[in-house]
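# here is a sequence with its predicted model. Questions after.
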Amino acid sequence: MRVLSLDGMSAAALQIRLIRAFEQANPGFIRSVDCFVGASDGGYMALFLASRVTDDDAANLAMLDEAIAFNNALVPLFHLSLRKGVKFATGWYPLLCVDQFRQVFQRYLGDGNLGQVRRKLVVCSFGAISWSPVIYSNLEPDVAPGPRHRGTPDTSLVDLALATSALPLALPMYGKGAARVIDGGWVATNPTMLGVSELCRAQARLRAVDPTAVLASLRVLSLGARDSLAERKSVLNRPPFGMGYLFSRNSWGWMQWIVLRPWLLLDMSLQGTISLAHQELLSILPEARYRRIHPPMSEIQDGWRLLLGCPDRLIRSFDQQAAGLVGDPRWFEANNRWIRDHYLAPEAAAATR
């Protein structure tokens, strides 16, 4: 069983372009995926892919072009206008307009619901009251929803997209009362481990086998992004505004953490949970059955560009980043070889590698 997991944040814009490149190099790649997993931005991309993939490889390539258009259509919605800024400054409104997101989700996800999704699907949110992961999936359609597992076959894909991407401060919570949730990236920016555990649990129940037997049958491809080593060193060592003396002090009080490096703690917390899921998967799955593709990408900086930059310029930068990776023979061939030799290999061949 093949799993494709998509990280949250702006990495989704790069991921969907790389997926298209892998599909073009290996026709049938996206068709072979049995289960799509996603959180936040990667969550609504997973919803789109799981609901639209077919057995026609040419149609799937066109579908991936539409997935890129879907992602591009969302980029201008993050742009901070004067009106949005003034409303946000009052303290009573989120930064972005949820109705605009609903319209784009409706345009690309349509009127479909969870029961109509063609492939297995796991997306997540974070319970605002329960303070625990909230899972939306079609893995066990006969099981009644509960506090942790929500979503029924009638739950619309638009509502699922709003639930997994309800980023605090940017968008309002999704749902009402005790059922309110926020962005899935809050619990799993890298949702791969969450998806694998849900799939093993559900399949073990449905097939009446031990979860380890399900785990042994999985081939997992996890797509995300990470800050480059050069960027991390730069944040730690480069003095801003000529404040070299204060910046180089090693006392590490609030001045060094908050004033001189305002986004360092947020970036560390995000990358820490992302890396933890990766390390856990490395410990339970062999190299032939698990691969993490996470090229360097400054997601915090891209977040600022989404708010303050030119949307068209940012879209072009995503295209250029993807083209640069695909055009790098060493990087692309190494990942493409794993997809060809392990991910797409027949089960018997994969088991012997």
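In hand now; what should we look at?
# now stretch 56-63: average pLDDT?
The average pLDDT for stretch 56-63 rounds to 97.
# contacts for that stretch next, please.
The list of residues contacting stretch 56-63 from outside it, by CB atoms under 8 Å, 6 or more residues apart in numbering, reads 20, 23-24, 27-28, 30-31, 49, 52-54. To be clear about C-beta, it is placed using only N, CA and C from the backbone, and glycine gets the same treatment.
# quick one: buried ones out of the residues you listed?
With neighbours counted by 16 or more other CB atoms under 10 Å, these contain buried members at 20, 23, 30, 49, 52-53.
# can you give me the helices in the stretch 201-350 of the chain?
Shown for the stretch 201-350 of the chain, the helices assigned by DSSP state H, counting those that start in this stretch span residues 211-215, 229-237, 244-248, 254, 264-284, 299-308, 311-326, 329-338, 347-351.
# can you list those helices in a markdown table and add mean neighbour count and mean pLDDT?
Putting these into a markdown table (neighbours: other CB atoms under 10 Å; pLDDT from 0 to 100) gives the following:
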| stretch | mean neighbour count | mean pLDDT |
| --- | --- | --- |
| helix 211-215 | 15 | 92 |
| helix 229-237 | 12 | 66 |
| helix 244-248 | 12 | 54 |
| helix 254 | 8 | 76 |
| helix 264-284 | 15 | 85 |
| helix 299-308 | 17 | 73 |
| helix 311-326 | 16 | 93 |
| helix 329-338 | 14 | 96 |
| helix 347-351 | 11 | 47 |
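# for those helices, which one sits closest to K87?
When the helices of the stretch 201-350 of the chain are ranked by distance to K87, counting by CB to CB, first place goes to helix 299-308 at 14.3 Å.
# which SS state does V122 fall under?
strand (DSSP: H, G, I helix; E, B strand; the rest coil).
# and it, how close does it get to N138?
Here V122 is placed at a distance of 9 Å from N138 (CB to CB, to the nearest Å).
# likewise F48?
To N138, F48 is 15 Å away according to CB to CB.
# these two - which one has more neighbours?
Neighbours per residue (other CB atoms under 10 Å) separate F48 from N138, with F48 holding more: 25 against 22.
# what helix or strand is the closest residue to that one other than its chain neighbours on?
Spatially, and ignoring its direct neighbours in sequence, F48 is nearest to A67 (5.5 Å; CB to CB, 6 or more residues apart in numbering). Here A67 sits within helix 57-74, counting by DSSP states H and E.
# I'd say L139 and S197 touch.
No: shown here, L139 and S197 do not form a contact pair, counting by CB atoms under 8 Å, at 11.2 Å.
# ok, those two, which is more surrounded?
L139 (19 against 15).
# for that one, what are its contacts?
With contacts defined as CB under 8 Å, 6+ apart, the neighbours of L139 are 120-122, 198-199, 202-203.
# contacts for stretch 66-73?
12-13, 16-17, 19-20, 41, 45, 48-49, 52, 104, 107-108, 315.
# give me the buried positions along that stretch.
By 16+ other CB under 10 Å, the buried positions in stretch 66-73 come out as 67-68, 70-73.
# please pull out the lowest mean pLDDT helix or strand from this protein.
helix 347-351 (a mean of 47; mean pLDDT, DSSP states H and E).
# how far off centre is the helix or strand encompassing L194?
Counting by DSSP H and E, the element that carries L194 is helix 192-207. Helix 192-207 has its average C-alpha position 19 Å from the chain's average C-alpha position, going by CA atoms, centre = their mean, to the nearest Å.
# can you pull the phi/psi pair for A208?
For A208, the backbone dihedrals (degrees, to the nearest 10) come out as phi 60, psi 50.
# look up how far R330 lies from it.
Taking CB to CB as the criterion, A208 is separated from R330 by 45 Å.
# thinking again about what came up before, model confidence for the residue nearest to F48, exactly?
A67 is assigned a pLDDT of 98 by the prediction.
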